[in-house]
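[1] Generate coordinates for the sequence data below:
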Amino acid sequence: MYISMLSNIMPESFDVSLYTPAEKDVLSPITIEDKQATEEERAKAAQVEAKYEYKEETVQNQVEKVNEIFSSIQEVNAKAGERAEENDVDTAAGLSSEEKVKQLKPLISQSAEEELSFDTLVTLVSATPSQLNIAKEVILRAVMDAMKTNVSIDELDNTKEQAKKKLLSASVPPELREAMIQLTDFYIVPNYFLDPEKTRQARQEAMEAVKPVMIREGQVLVREGQTITPKVVDQMDIVGLLDKGFDPVPFAGLGLLVIALTGILVYYLKDLPSGVRSANINLLMYCIIFLCTVVIMKLSSLLQAVDYYGIEYLIPAAVGTMLLMLLTNERIALVSSIVFSLCAAVFFNAETIGPMNAPFGFYVLMNLLAGIFFLGQKNLRSNILKAGLGVSFINVFTVAILLMLKNGQYSGWQIGSEIGFAFLSGFLAAVLTLGLMPFFEAAFRILSTTRLIELSNPNHPLLRKILMETPGTYHHSVIVANLAEGACEAVGANGLLARVGAYYHDIGKTKRPHFFIENQMNMENPHNKIAPQLSKTIIIAHAYDGAEILRKYKLPKEIVDIAEQHHGTTLLKFFYHKANENSEKEIPESEFRYPGPKAQTKEAAIVGIADCMEAAVRSLSKPTPNKIETLVRKIITDRLEDGQFDECDLSLKELDLIARSICETLQGIFHSRIEYPEEIKKKVT
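    Now for the predicted structure:
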């Protein structure tokens, strides 16, 4: 299993050259993150605009500074006026402008002292009070208008230029206007500042919002004929398509899958039927069927290389489960169908990206289960062909489901082709099953339906021998066969095997036919003249004489076992009690019991029950339905309590079904002889 799947899980690799056309479509086999592309996207996302903060208090501070400088100018002018009054001189002649500027500088800020020119300060202190008031109002309005908007460092010069235009219309002397312009230019400052924390946070959020760049499974990296670019090479390298080294992971994964599937099979293989064939032979047969099915699926997977719609649906996978149903049992076939479908999902992964083709695995599973369902319990060759037809219809139904689920655009030719191949698959599986069955039957000595039908032919030499030499036994065997077949079918056993086994189960009586009551026609019973011990020996010998005759004629082991086991270790009660009557001391029961073995199969046990029933009911003088049922259930209960069913897998429920079936058959056989109760007679008449 592992070796057959190796080629399907080996990582694909490419030998490519830059800027050459691609030889075929290259698809990503896995889903993986392209980390380099992700980082590039995050770097792009980080190029967000810087975050700024508007500081309203800056405007208020600058207004206060404008007020302060004009207050200082007024204070200097006021002091100059007071000194002039004290000296009784003209105010204008009291202090020079230079002296006023000297007195003004300590009153203003150091930055104003450094930035404002001496001429500007002279102009300001030389202006009249009315001119100063006008200058103050105009400057305040210009500063406030300019700074009520966002003034960043980059926008500062433009803002100052706009404010300057407003000052040009002021009704003041030119030199004062220039001083006002310089003063306004000085007091307009940035109020819209970069916020590093918010900027960092915004960039971080933008980067985090970028989703990882993923290369998705099945994504086309490059189309056939397209140029192989560096980006394509990088992506192929990321998904491992350029890796020439050995990667043990896929092989380890396949190993674990095979171990898991093998574990499932080993657990359920304990249910392989045993008894007539050894467990090792059954296991060998199962392994060969399993191997054949795997080989058929592997060879069918080669059809994927054929460019034809739906040709892969021709796989005759159902041959595996149909063979297992015919040669093992339903439980083994069901478990194996799961394993086969998983194997098929791996084998047919050429058109998929991953290691498994799940839709095709589902198709194969439905194919296999249909084979089990339609074959059922009737192991007839004609039923194999019917099962093949059923598989075909299920295949068509499954393909239709898959086409609808894909929801693609399909041509009529494509749909017809896929459905046609799916339909042929069922017939191909049936033909292969019919072809392989004879080989398994011959190699493992399996008793087939055909062989059983041949053995049931009345012209068979042994059946002719029974009919000619022991006609009473022949008639008895036919009735036992009818009883056993119906009872076996009631509990799911092989009814045909039971019928044929019943035909031959008493062939040992042909050695001494007149010692058995059904063959004693108008003659004295010879047992009346011999000792019970000798009678016991003759009666017991018929089972083993029969087995010896059957082996001599090379009849199947299943038939021989029924002849040898149908009496189990039951007690010959009549001769045992007769011997005790003639003996002074009690004789142990073991001396008058069949030496066995006990029944090993359901069929052998049921033939034994039917054999006992036919003789017992025949002895009833006036058989009624109640008498028959009472007798049947008593005989089964006695055998159960005697431990005759200890070595076969008959349950109490199955014993009840057997009793009902035998009662129905006996009532049909002895219908003309049954004396009904009075109340039934009245209803009939």
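
[2] now the strands: where do they sit in this structure?
    All strands of the chain, identified by DSSP state E, fall at 26-27, 32-33, 52-54, 192-194, 214-215, 220-222.

[3] quick one: contacts for the residue nearest to the spatial centre of the chain?
    When Cα atoms, centre = their mean is applied to the chain, the residue found nearest the centroid is residue 358 (8.0 Å). Neighbour list for residue 358: residue 345 [criterion: Cβ atoms under 8 Å, 6 or more residues apart in numbering]. Every residue, glycine included, has its C-beta placed from N, CA and C.

[4] any chance of the strands of the chain in CSV, plus distance to residue 387, mean neighbour count and mean pLDDT?
    CSV is the format used below for the strands of the chain (distance: least, Cβ to Cβ, whole Å; neighbours: other Cβ atoms under 10 Å; pLDDT from 0 to 100):
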stretch, distance to residue 387, mean neighbour count, mean pLDDT
strand 26-27, 39, 20, 76
strand 32-33, 46, 14, 80
strand 52-54, 81, 14, 75
strand 192-194, 82, 15, 76
strand 214-215, 46, 16, 81
strand 220-222, 43, 19, 80
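
[5] what's the closest of those to residue 599?
    Closest approach to residue 599 among the strands of the chain (Cβ to Cβ): strand 26-27, 62.3 Å.

[6] what comes into contact with the closest one?
    14, 218-222, 232, 236, 241, 353.

[7] roughly how far apart are residue 462 and residue 551?
    Look at residue 462 and residue 551: by Cβ to Cβ, to the nearest Å, they are 12 Å apart.

[8] Residue 349 now?
    For residue 349 relative to residue 551 (Cβ to Cβ), the value is 53 Å.

[9] Show me the shaky parts of the stretch 251-400 of the chain.
    Scanning the stretch 251-400 of the chain for pLDDT under 70 picks out 271-279, 353-354, 377-382.

[10] now do 80
    Filtered on pLDDT under 80, the stretch 251-400 of the chain yields the residue ranges 251-254, 268-280, 304-307, 329, 350-356, 376-382.

[11] hmm, back to that, please say which of residue 462 and residue 551 ends up with more neighbours.
    More neighbours surround residue 462 than the other of residue 462 and residue 551, with 19 against 14 (other Cβ atoms under 10 Å).

[12] Name all residues that make contact with that one.
    504, 507, 549-550, 553, 555.

[13] try 10 Å
    Residues near residue 462 by Cβ atoms under 10 Å, 6 or more residues apart in numbering: 455, 503-504, 507, 510, 546, 549-550, 552-553, 555, 559.

[14] next one: residue 533
    Per Cβ under 10 Å, 6+ apart, neighbours of residue 533: 575, 578-579, 582-583, 587, 591-592.

[15] Show the pLDDT at residue 418.
    Predicted confidence (pLDDT) at residue 418: the value is 89.

[16] Surely it touches residue 402?
    Yes. The criterion here is Cβ atoms under 10 Å, and residue 418 meets it with residue 402 at 8.6 Å.

[17] Which one's more surrounded, the two?
    Ranked by neighbour count (other Cβ under 10 Å), residue 418 and residue 402 place residue 418 first, with 23 against 16.

[18] For that one, list the residues it contacts.
    Contacts of residue 418 (Cβ under 10 Å, 6+ apart): 308-313, 395-396, 399-400, 402-403, 410.

[19] These: which two are farthest apart?
    Among those, 308 and 400 lie farthest apart (Cβ to Cβ), at 18.9 Å.

[20] Neighbour count: these two, which is higher?
    residue 400 (14 against 11).

[21] Report the contact partners of the closest residue to that one other than its chain neighbours.
    Counting by Cβ to Cβ, 6 or more residues apart in numbering, residue 419 is the residue found nearest to residue 400 once chain neighbours are left out, at 7.1 Å. Counting by Cβ under 10 Å, 6+ apart, residue 419 makes contact with 309-310, 313, 395-397, 399-400, 403.

[22] swap in residue 325?
    318, 332-334, 336, 371-377, 379, 384, 387, 433.

[23] again with residue 172
    By Cβ under 10 Å, 6+ apart, the contact set of residue 172 is 123, 127, 130-132, 134-135, 138, 178-180.

[24] Dihedrals phi and psi, it?
    phi -140, psi 160 (degrees, to the nearest 10).

[25] change the start of the numbering to 50 and stick with it
    Sure thing, new numbering starts at 50, so read that last one as residue 221.

[26] What's the local residue count around residue 352?
    There are 17 residues near residue 352, going by other Cβ under 10 Å.

[27] count of neighbours near residue 712?
    20.

[28] Quick check, it in contact with residue 672.
    No. Shown here, residue 712 and residue 672 do not form a contact pair, counting by Cβ under 10 Å, at 11.1 Å.

[29] Which neighbours do these two have in common?
    666, 680.

[30] one step back: which ones among the contacts of residue 221 map onto helices?
    172, 179-181, 183-184, 187, 227-229 (DSSP state H).

[31] Residue 190 contacts residue 218, correct?
    No. Counting by Cβ under 10 Å, residue 218 is not a contact partner of residue 190; they are 11.7 Å apart.

[32] who's more crowded, the two?
    residue 190 (14 against 8).

[33] In contact with the more buried one, which residues?
    Here residue 190 is in contact with 212, 215-216, 233 (Cβ under 10 Å, 6+ apart).

[34] Looking at those residues, spot the one nearest residue 564.
    Relative to residue 564, and with distances defined as Cβ to Cβ, the nearest of the contacts of residue 190 is residue 212, at 142.0 Å.

[35] low pLDDT regions in the stretch 500-649 of the chain?
    In the stretch 500-649 of the chain, residues with pLDDT under 80: 570-571, 633.

[36] Would you map the helices across it?
    In the stretch 500-649 of the chain, the segments counted as helices under DSSP state H, counting those that start in this stretch are 510-518, 520-539, 544-553, 581-601, 606-614, 622-630.

[37] now the helices for the stretch 200-349 of the chain?
    205-216, 223-236, 245-258, 279-287, 297-317, 328-350.

[38] My understanding was that residue 644 contacts residue 586; is that so?
    No. Using Cβ under 10 Å, residue 644 is not in contact with residue 586; the gap is 11.3 Å.

[39] Residue 554 is in contact with residue 607, isn't it?
    No. With contact defined as Cβ under 10 Å, residue 554 does not reach residue 607; the gap is 11.8 Å.

[40] any common contacting residues for the two?
    547, 653.

[41] what's the domain layout of the protein?
    Annotated domains of the chain cover 84-100+244-261, 103-241, 297-495, 500-733 [automatic domain parsing].

[42] Selection in PyMOL covering whichever of the contacts of strand 75-76 are buried, please.
    This is the PyMOL syntax for the buried subset of the contacts of strand 75-76, where burial follows 16 or more other Cβ atoms under 10 Å:
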select buried, resi 63+270+271+281+285+290
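
[43] wait, which of the contacts of strand 75-76 is closest to residue 89?
    The closest of those, once distances to residue 89 are taken by Cβ to Cβ, is residue 281, at 16.0 Å.

[44] so what pLDDT did that closest one get?
    81.

[45] Residue 713 versus residue 700, what's the distance?
    Taken as Cβ to Cβ, the span from residue 700 to residue 713 is 20 Å.

[46] Tell me which of these two has more neighbours.
    More neighbours surround residue 713 than the other of residue 700 and residue 713, with 17 against 10 (other Cβ under 10 Å).

[47] thought the more buried one was touching residue 539?
    Yes. With contact defined as Cβ under 10 Å, residue 713 counts as touching residue 539 (9.3 Å).

[48] And stretch 464-476, what's buried?
    Quick answer for stretch 464-476 (16+ other Cβ under 10 Å): 466-472, 474-475.
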